[in-house]
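Colleague: Sequence first, predicted coordinates after that:
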4 protein chains.
Amino acid sequence: MTHSVTKPMRSDAVRSRKLLLEAAAAAFAEQGVEVSISEIAERAGIGKGTVFRHFSTKEDLLAAVVSANQTLLVTIGERLARTAAPADALLEFMAAAIELQVRDRAFCQVAHGEARDHPDVRNGLAALTVVTATLTDRARAHGAIRQDITGQDVMLLMSGIFQTASPLLPTQPQLWRRYLRLVFDGMQADTPALPGPPAAPQSSWQQAELAGSPITG
Amino acid sequence: MTHSVTKPMRSDAVRSRKLLLEAAAAAFAEQGVEVSISEIAERAGIGKGTVFRHFSTKEDLLAAVVSANQTLLVTIGERLARTAAPADALLEFMAAAIELQVRDRAFCQVAHGEARDHPDVRNGLAALTVVTATLTDRARAHGAIRQDITGQDVMLLMSGIFQTASPLLPTQPQLWRRYLRLVFDGMQADTPALPGPPAAPQSSWQQAELAGSPITG
Amino acid sequence: MTHSVTKPMRSDAVRSRKLLLEAAAAAFAEQGVEVSISEIAERAGIGKGTVFRHFSTKEDLLAAVVSANQTLLVTIGERLARTAAPADALLEFMAAAIELQVRDRAFCQVAHGEARDHPDVRNGLAALTVVTATLTDRARAHGAIRQDITGQDVMLLMSGIFQTASPLLPTQPQLWRRYLRLVFDGMQADTPALPGPPAAPQSSWQQAELAGSPITG
Amino acid sequence: MTHSVTKPMRSDAVRSRKLLLEAAAAAFAEQGVEVSISEIAERAGIGKGTVFRHFSTKEDLLAAVVSANQTLLVTIGERLARTAAPADALLEFMAAAIELQVRDRAFCQVAHGEARDHPDVRNGLAALTVVTATLTDRARAHGAIRQDITGQDVMLLMSGIFQTASPLLPTQPQLWRRYLRLVFDGMQADTPALPGPPAAPQSSWQQAELAGSPITG
DNA sequence: CATGAATGAGGATTCATTCAT
DNA sequence: CATGAATGAATCCTCATTCAT
């Protein structure tokens, strides 16, 4: 990940990389993963070749953008875990995650499998899983949410909420708050246990892949 | 809709069309709208040209698959509205919709704008909106859900739930039941009003298009 | 060409063939040789398969239409040769040919090589060449045109005139009369001999093909 | 037109573009507008993608080839207007135009409407119209041609002559001289006025389009 | 015999990626 | 090292022709 043993980047290369990542983040967010490398390069004001100098495939670039978001979220989650009360910390974390992602078309696609095999994305997801579990466990321990909710449930619910609100984002940019509130109410509901086991940990993605889709068979 | 005056289809054409629609439904569900016509044709065991004989563009084919799903849902919803108690009707309708769509990758993309301009899809959505509103209004009138939930909210929540559960579908095909329960609990919660206005009716999609995205600006 | 030894056509087949030829003539005239067999069949009110029952390739159909025009012209030319004065006969023949063809987009394309290899077209052209030469020779013998104009020249000039006027046909349908008059004046001009030899007889088309194009080489 | 502020093209791009334009000109000339991009690319010895890098549609490529010819002709005409006597200037201009175009199958198709809507072609045609009118007016003013011949007539006649001679080009490449002479004699003929009004100025093409074809109705 | 359903080769175009400048 | 020119595989779609009904 880091380049501590390699020669340090030239300053213009550093600048190019920054421009590229910003442009890519914006482009992926607006248009989804189908946006072309040409357009990203143009938005960054650099040449197409330079994109491939920094990231040897398009998927690497996407993974870099996605994992930067993941890292940011992890940081936010860790801070909240240290500074906020259990219930507040979890709710604020979910709000932050959703607000960050609701504007991001590519993130929805990633949630559905795009680039999920990339090491950086996988690592980011693992870190995110850890911090989400921490926050969830604290909230659960303090009775702020029902007993049968796991960190993995929370991760999926965050993803679901932004996807719920995403279609109407242009006209109702705050709609996600409505559904976050509703879902959080559900997370606190004092009703019989939720049906089925909680979501399995992330490694199930790999198993899923190996197993083949039950739809096809 | 019906073609009572038209000559009936030849049996081989009927068979081809059936194979095609099944193959297309499966392919779109598994791989999303990006799946190629060639692959669909191959899976159906027919020639590429035959696909275009039945649907003159790829988008028409997608719209046919999507609107068939929409029609099925509308039928289910209408039956439930006649036969089931208000709260049960709504819950069962949501369950049916989610179960039908959770397996469908293309449906997620449609929820995010793909093919939404196709007349068949638009009509299907309108019909779906009507029946969802009916069921929601009944449930609300009977006090089965909180007062500030609209049919449009329900449509978005259904879409969100299947998208929540979709990533883990291969290993945990029943996971959506968990989140449907949780959301339905949230829909019944006796807490202060949900923040913000409910989702605007569907026509806001068009307005959104005209208004341009606030993200880009 | 004729089917004297074969079984006579069924009356519905005769009717289909007539409808087909009329529709094809109109379609080729309006849209050129690129018009699709589907459209021709539809205009004729018959099935696509029936087109191929009557003409086993599209080129055969085109050749039939073209050679019907050629035959008609030959008939007109032969009558004029019998009934009109030499100069009038030639001028009227040219007028008839141009008027017939000026509306025909496909004919321009045939003039430039399309279907020229088809036996029927070749035969029609041969017959047309004969009658044109007859009329030209008579006119020349009577001093109605300059001595160095041949029948082949006249054939090419007819073709050129309708192509001159063709682009403006929609707005000025009578424009060809203007250029026929002008060319006919040129054919009578009392000036030094025209440069170069007259056009060679039609067989040169074949030689041309074998020789390859001087442009490419 | 010129790109004085733009970065100069890279030498390899210049070479590709030159190869492409030459190959395209030859291919369109020989085979007409129906020639495939694949074949053009192959003849140019470049990849298919490179064609689209230089011209974003096939029609743009065709327009580039056609308008290069138009520009060349305009230049020739303007020089002749400055340097030659009125009658000679017109005759030489017609000769140059015909010689340039007689080899060009695509040009015939353009004369019949192909690509006429492309801005470059339209502009080229307008410029060609202007210079032809200038030369024609001078010749008429000096009594070198009859009074009722307009520039528009001359443009159509040039087009007609090369189309007259085009079919026999491979075996008789100089045949057009024969018909140019004949037509020019006709343009000088001292006979009663030519029938009908002269050809309308070029804008009639547009009117024609709007009016619909009298053939179809 | 007529029909139109099925076919698949072929065409224009896009775009991630490679490589000469 | 940055650039953008070149590449060609892959995509959607058309249409002459074949063949089952």
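Modeller: Done, it's in.
Colleague: From here on, just use CA atoms for contacts and neighbour counts.
Modeller: OK.
Colleague: Residue A:44 against residue A:23, yeah?
Modeller: Yes: the pair residue A:44 / residue A:23 is scored as a contact, 5.2 Å apart, by C-alpha atoms under 8 Å.
Colleague: so where is chain A shaky, pLDDT-wise?
Modeller: Within chain A, the stretches with pLDDT under 70 are A:1-10, A:201-217.
Colleague: Could you chop it up by domain?
Modeller: With domains defined by automatic domain parsing, chain A comprises A:11-56, A:57-190.
Colleague: Out of these, indicate the one that is most buried.
Modeller: When you average the neighbours per residue for each of these (mean count of other C-alpha atoms under 10 Å in any protein chain shown), domain A:57-190 leads with a mean of 20.
Colleague: Is that one positioned near DNA strand F?
Modeller: No: for domain A:57-190 and DNA strand F, the contact criterion (C-alpha under 7 Å from any atom of the strand) is not met; the two come no nearer than 12.7 Å.
Colleague: what's the span of that domain from first residue to last?
Modeller: 49 Å (C-alpha to C-alpha, to the nearest Å).
Colleague: tell me which element the residue in chain A that DNA strand F sits nearest to is part of?
Modeller: When C-alpha to the nearest atom of the strand is the measure, chain A has its nearest residue to DNA strand F at residue A:49, with 2.9 Å between them. When elements are assigned from DSSP states H and E, residue A:49 belongs to helix A:48-54.
Colleague: quick one: is that helix near chain D?
Modeller: No: using C-alpha under 8 Å from any C-alpha of the partner chain, helix A:48-54 stays clear of chain D, with a minimum separation of 14.1 Å.
Colleague: which helices and strands does that helix pack with?
Modeller: The criterion is 3 or more C-alpha pairs under 8 Å, 6 or more residues apart in numbering or on different chains; DSSP states H and E, and the helices and strands that helix A:48-54 contacts are helix A:11-31, helix A:37-44.
Colleague: and the shortest one, C-alpha only, in PDB?
Modeller: Extracted C-alpha coordinates of helix A:37-44, given in PDB (Å, rounded to 0.1, in the frame of the first residue of the first chain):
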ATOM      1  CA  ILE A  37     -11.300   6.900 -18.500                       C
ATOM      2  CA  SER A  38     -11.200   9.600 -21.200                       C
ATOM      3  CA  GLU A  39     -13.700  11.600 -19.300                       C
ATOM      4  CA  ILE A  40     -12.000  11.200 -16.000                       C
ATOM      5  CA  ALA A  41      -8.700  12.200 -17.600                       C
ATOM      6  CA  GLU A  42     -10.200  15.300 -19.200                       C
ATOM      7  CA  ARG A  43     -11.900  16.300 -15.900                       C
ATOM      8  CA  ALA A  44      -8.600  16.000 -14.200                       C
END
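Colleague: which other helices and strands contact that helix?
Modeller: Checked by 3+ C-alpha pairs under 8 Å, 6+ apart, helix A:37-44 has helix A:11-31, helix A:48-54 packed alongside it.
Colleague: go on, the longest one?
Modeller: In this structure, helix A:11-31 makes packing contacts with helix A:37-44, helix A:48-54, helix A:58-83, helix A:105-111, judged by 3+ C-alpha pairs under 8 Å, 6+ apart.
Colleague: Report the angle between the third one and helix A:37-44.
Modeller: Looking back up the chat, that one is helix A:58-83. 60 degrees (axes from the mean of the first three to the mean of the last three C-alpha atoms, to 10 degrees).
Colleague: After helix A:58-83, which helix or strand is next?
Modeller: Once helix A:58-83 ends, the next helix or strand along the chain (criterion: DSSP H and E) is helix A:86-102.
Colleague: Identify the residues contacting that next one?
Modeller: A:73, A:76-77, A:80-81, A:83, A:107, A:135-136, A:138-139, A:142, A:144-145, A:158-159, A:161-163, A:165-166, A:169, A:176-177, A:180, A:184 (C-alpha atoms under 8 Å, 6 or more residues apart in numbering or on different chains).
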